[in-house]
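# Make a model of this:
(3 chains)
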Amino acid sequence: MTDATMADMAASGGQELKTSDGRSLKAALKASQSVERRRAFLLVLPLLALLVASFIIPIGQLVTRSVYNPEVASYLPETSSALSGWNGEGVPDEEVFAALAADMVVGAENRTIGRVAARINREMPGTRSMIMGLSRSAEELQPPYREAFLADDEGWGEQALWRFLKRETRIITPAYYLIATDLEYNAEGEIVQRPENYQVYRTLFWRTAWMSLTITALCVLLGYPIAHLLATQPLRIANILMILVLLPFWTSLLVRTSSWIVLLQQQGVINDMLVWLGVVTDSGRLRMIYNKTGTIIAMTHILLPFMILPLYSVMKTIPPSYMRAARSLGATQTYAFTRVYLPLTIPGLAAGVLLVFILAIGYYITPALVGGDSGIFISNLIASNMQSSLANLKLGAALATILLVLVMLFYFVFNKLIGVDRLKFG
Amino acid sequence: MTAENASQSRGANVRYENVQKSYDGETLVVKDLNIDIKRGEFLTMLGPSGSGKTTCLMMLAGFEPATNGEIFLNNAPINDVPPHKRGIGMVFQNYALFPHMTVAENLAFPLQVRKMSKADQEAKVKRALEMVELPTMGGRRPAQLSGGQQQRVAVARALVFEPDLVLMDEPLGALDKQLREQMQFEIKHIHESLGVTVVYVTHDQTEALVMSDRVAVFNDGVIQQLSPPDTLYESPRNSFVAQFIGENNKLDGKVESIDADYCSVRLTDGTQLKAEKVNVSSVGDLTTLSLRPERVETSGLDGMENVVRGHIEELIYLGDHIRVRMNIAGNPDFVVKVRNRSGEQKLKEGQELDVGWRASDCKALDHVQ
Amino acid sequence: MLRKMLLASAATVVVTAATPALTQDADSLTIVSWGGAYERSQQLAYYEPFTEETGVEILQESESANGLAGIRSQVEAGNVSWDVVDLLQSDAQRACDEGLLEVIDPAEWLADGDDGTPPEEDFIENTMGDCFIPQILYATMFAYNTEAFPDGGPQTVEDIWDLEAFPGTRALQRIPQKNLEWALLADGVEPDQVYEVLATEEGQDQAFAKLDEIRDSVIWWEEGAQPPQLLADQEAVIATAYNGRIFDAQMNEDQPFEIMWDHQMFEVDGWVIPVGNEDELDTIKEFIRFSTDTQRLADQAQYIAYGPARNSSASKVSTFEGTDIEMAPHMPTNPENLETAIAFDVQFWADYGDALEERFNAWLAQ
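Alright, predicted model coming up:
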């Protein structure tokens, strides 16, 4: 019995139904099903635990990390409260410097001052050694602190540094998201474009998107006919073809990528052949790898099975009589294909597009190996940031979060357009 | 509907001339086929699976090329005409209704292909839906219809663009018995009212008998007999047809003498019977006698050419009649249908009983094991 | 399905979680290094003799490429399974700043040189860090395939920028470090001024402008194994590379490679100890003391062409394993090779690395 019919009965009956021994029917039903339900829950529990541990928690940490900004507020607590009284003009007075001196002594002791230094240095290069240098001798500082600081390094007299500190006393900051979208705070605290020399992330997001789209389109163009062939050949031949399609699946990603290097490089097989055929001269060998072309070719190859498999599984269920019916009703081959066959394969096609595009947009190893300078993806920058300083780690987290949101946005739009419940993944 | 009013109908004629078909280059699926299908005729290709009937239909539709020979549509050869230019309506085994289109869209499909105006399309779709008595179902998807409704839509779609010829490939195979019988009549009525030529493929002999003007019985890539249903039933030309169409009693024997249209046959147990000479040529030939169960009498045997005493093995009560399985002349599967009439003697299992039949109801055909 | 796909895309994004901790006792140490020929040299020179002497088993993991991120996530999770990690000095500096590493007191942790020099003086100047014990000195420099230059290959960094005299593709590492220094050197900046210049906006502009000159002839590599391969395939005729990799290709594959020592940039690689393994600290100290003494450091040089980080080890460097090839001339520390060498400035890059990496990536993406 469904909830709906139960609700109907409860509504129409007006009074609760009872079992023959006088218990509420609903309660009795619940009790009779509870063992089943508990058992079902126990069965999915391992998966649930795995999902929470390997997916939800890391993503939560990722998102938290991208905005969490404890360096100034938590590690320079005295300074933070002293700065709240500063009006942002000139250089703060002795009170603030004294507070900073006290924080630095504690920070050096607890070894937290390095994190503050990394945070500030991220936006003001060079300040790290200034802070670390002073922190080593923080205990020996004597009042007046302002003079002592300035004597150690003139950098302490920079208004920008103090404004930055005052701004970043907040524990949650959008600063990393600004950098991740090529924006920054200027000295006045307004959000502005970064200098052109440093603008890279928007370009890379955009490149990642259009290259992934290109790869997806190529996978459709190559995969559709193959899937059709697989679906229409007799089983024996289809099985052999299927093995050929799946073979790349079973070889390691690195091996496949390396084989593409052997084929595509300037001294590689394809160029040798073109030179031998006289298509290009020996000095005019084509550059097909360590650039966008290389990334697109290698990734199309690697992701092709993800397009073919869902297409194949859908095409296999389309009886040939549909096309025959269309033809008998007067449709040409092309018309029958576009009006009947193609629409019927949409669930597989859309699933393939979704899989390939989403996999492509987060791809990392292949662009790193064959992408050279122009063929790398945003994930390569995310990865290099993750391996780098703590501040860059947070920038990496912000970039990754943006990527995640973009993917979810794509999924959402795709769902609106196609309807994900219609998709067939295989 | 037969040849006499066919001339006024809009039906097409079809001719197969020496058509052969092979898929593997080693065996022939269709061996030297020749049929002349008249305008407005309802012709059924009947046969067991693998007999070549569907292949014949597919060649006519244009989905399979003939390996040899020529098919003519309205006296024009069509071997080189692609399927979409043949203008043949077709109903498929599982209907092949496009699942992503509504019923109305399915029906409009052939009209759109023909670039008909929107208004004409709508009018024709409406009329077609009325014809199959589904006037309100235009907005539904095929999956929301019952099997019988889908079947009707499939028929309507094959007819909506007013083809001269409609092919039906086992269209009722997926329906239950009752619905199948109802649809048989509906299809027959539609055929009669429109006057199109219908080529119908089935392995169900009842269906073939009920619907067809003529039936072509296929076996082993060859047409065994091409006749109207009654001829097929009452005058089978060979044992295969006799066995395939309707219920049949077989008795094996040897021709002893021939007298014009009749012959005398001695069965293996020595019984002597008289039968109509159909498919035997000379004295001494082995033959299989064919006899319909309802032509065997248990009373009024005076004047019957053949009277034989048998042993009742089994009685099955079927309401309107009783099916009696007897051992006659060494054949333990000899079936007699006894009408369930009042005052009839009570039959018992194990009882000896005289049965008899006329020589004209008993056909001497080719011998089969 | 949504979850599965998000998982797939997030997997490339989320930092790899720490490997589950093995239950540890002082009977074994987990030591993380770079794998390949380098880790093998450590195994032969340090691990096996150490196990033989103490009975402590060494569990090897080749995860140093993700060393910083790994230490960070283990320390943050409070579940540190790595006892000793081999890191670059620059990464060690970052980890140390973040408080992820044990602070080293050289007098307590390290042995004197075999000539009695205290460790603070025995290790090469400026290589010891607060949390970092140097092990080897390695060079990044240009190397070329001699077959591509029958009339003689490039001899100076200026030659690398001379596309007419030395045509062909150059393979450079896809990082700003060292490339910017070389660009300035090629543009005539005095070696001792390089980092001063590079700290200024104008100096950075100058370096990138210089890189622009050869950009069309450059392909970029990421992994240390790539340059020897690119040179062998003649996909590049000149490449920057780690000297040990080129040496290995010369010795073991007989490749016609030549190292150009002009303005080689040397840096140190060494041990760090993540915080959080206090129970095992004694065993760890024992291992560090053992593996960084004069003789062990010299021993490692039999197996790989990286210079020992102690001055006292230099005279003890012998021949390449199983041959009579003297290792000394192949060492970055060989006086002849050191003539124009530049010491890689870890402090400079700790300060300017974030900004310059970003600018470098922006420059590449143009």
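# in chain B, what spans have low per-residue confidence?
Along chain B, the model assigns pLDDT under 70 to residues B:1-9, B:344.
# who in it is up against chain A?
Applying CB under 8 Å from any CB of the partner chain, we find that chain B lies next to chain A at B:61-63, B:82-90, B:92-94, B:96-100, B:109-110, B:113-114, B:157-158, B:161, B:167. C-beta here means a position set from N, CA and C on the backbone, and glycine is covered the same way.
# The single nearest residue of the stretch 101-250 of chain A relative to chain B: how many residues sit nearby?
Closest to chain B within the stretch 101-250 of chain A is A:Pro234: 11.7 Å, counting by CB to the nearest CB. Counted by other CB atoms under 10 Å in any protein chain shown, the residues lying close to A:Pro234 total 7.
# what's the answer for the one 3 residues further on, then?
Other residues within reach of A:Ile237 by the criterion other CB under 10 Å amount to 12.
# same question, B:Phe42
Considering only other CB under 10 Å, B:Phe42 is surrounded by 24 other residues.
# Next: C:Glu76.
14.
# Tell me who's in contact with it.
By CB atoms under 8 Å, 6 or more residues apart in numbering or on different chains, the contact set of C:Glu76 is empty.
# give me the element it is part of.
Secondary structure assignment for C:Glu76, by DSSP states H and E: helix C:67-77.
# Which of the three states applies to whichever residue of chain B sits closest to chain C?
Closest residue of chain B to chain C, CB to the nearest CB: B:His100 (21.8 Å). Three-state assignment for B:His100 (DSSP: H, G, I helix; E, B strand; the rest coil): coil.
# I figured it hits A:Leu342, correct?
No: B:His100 lies out of contact with A:Leu342 (CB atoms under 8 Å); the separation is 9.9 Å.
# Those two: which is more packed in?
B:His100 (16 against 13).
# rewinding a little: leaving out chain neighbours, which residue sits closest to the residue of chain B closest to chain C?
A:Pro343 (4.8 Å; CB to CB, 6 or more residues apart in numbering or on different chains).
# Which helix or which strand is home to the closest residue to chain C within the stretch 1-150 of chain A?
The minimum distance from the stretch 1-150 of chain A to chain C, using CB to the nearest CB, falls at A:Gly114 (2.9 Å). Using DSSP H and E, A:Gly114 maps to helix A:113-123.
# and the very next helix or strand once past that helix, C-alpha only, in PDB?
On the C-terminal side of helix A:113-123, the closest following helix or strand by DSSP H and E is helix A:127-136. Only the C-alpha atoms of helix A:127-136 are listed here, as PDB (Å, rounded to 0.1, in the frame of the first residue of the first chain):
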ATOM      1  CA  THR A 127      56.400  40.100   3.700                       C
ATOM      2  CA  ARG A 128      57.000  36.500   4.800                       C
ATOM      3  CA  SER A 129      60.700  36.900   5.500                       C
ATOM      4  CA  MET A 130      60.000  40.300   7.100                       C
ATOM      5  CA  ILE A 131      57.600  38.700   9.600                       C
ATOM      6  CA  MET A 132      59.500  35.500  10.100                       C
ATOM      7  CA  GLY A 133      62.700  37.400  10.600                       C
ATOM      8  CA  LEU A 134      61.200  39.600  13.300                       C
ATOM      9  CA  SER A 135      59.400  36.700  15.000                       C
ATOM     10  CA  ARG A 136      62.800  35.000  15.700                       C
END
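# Provide the contact partners of helix A:127-136 at residue level.
A:104, A:107-108, A:113-114, A:116-118, A:120-121, A:141, A:149, A:152-153, A:155-156, A:161, C:97, C:347, C:350-351.
# On the C-terminal side of it, identify the next helix or strand.
For helix A:127-136, the succeeding helix or strand toward the C-terminus, using DSSP H and E, is helix A:145-152.
# what angle separates the following helix or strand past that next one from helix A:113-123?
Note on helix A:145-152: by DSSP H and E, the next helix or strand toward the C-terminus is helix A:159-167. Between the axes of helix A:159-167 and helix A:113-123, defined by axes from the mean of the first three to the mean of the last three CA atoms, to 10 degrees, the angle is 120 degrees.
# and the direction of helix A:159-167 versus that of helix A:127-136, what angle?
Using the same axes, to 10 degrees: helix A:159-167 against helix A:127-136 is 80 degrees.
# Give me the buried stretch members for helix A:159-167, please.
A:Leu161, A:Trp162, A:Arg163, A:Phe164, A:Leu165, A:Lys166, A:Arg167 (16 or more other CB atoms under 10 Å in any protein chain shown).
# Toward the C-terminus, what is the element adjacent to it?
helix A:175-180.
# After that following helix, which helix or strand is next?
strand A:183-185.
# neighbouring strands for that following strand, and are they parallel or not?
strand A:191-193 (antiparallel) (DSSP bridges).
# How about residues contacting the partner strand?
By CB under 8 Å, 6+ apart, strand A:191-193 touches A:Leu178, A:Asp182, A:Leu183, A:Glu184, A:Tyr185, A:Asn186, A:Gln199.
# what ranges of chain A fall below the confidence cut-off?
A:1-15, A:426.
# Now for residue 69: which residues touch it?
Going with chain A. Here A:Asn69 is in contact with A:Arg119, A:Glu168, A:Arg170, A:Ile171, A:Ile172, A:Thr173, A:Ala175 (CB under 8 Å, 6+ apart).
# that's the wrong chain, I meant chain B
So B:Gly69 contacts B:Tyr16, B:Glu17, B:Asn18, B:Val19, B:Gln20, B:Asp32, B:Leu33 (CB under 8 Å, 6+ apart).
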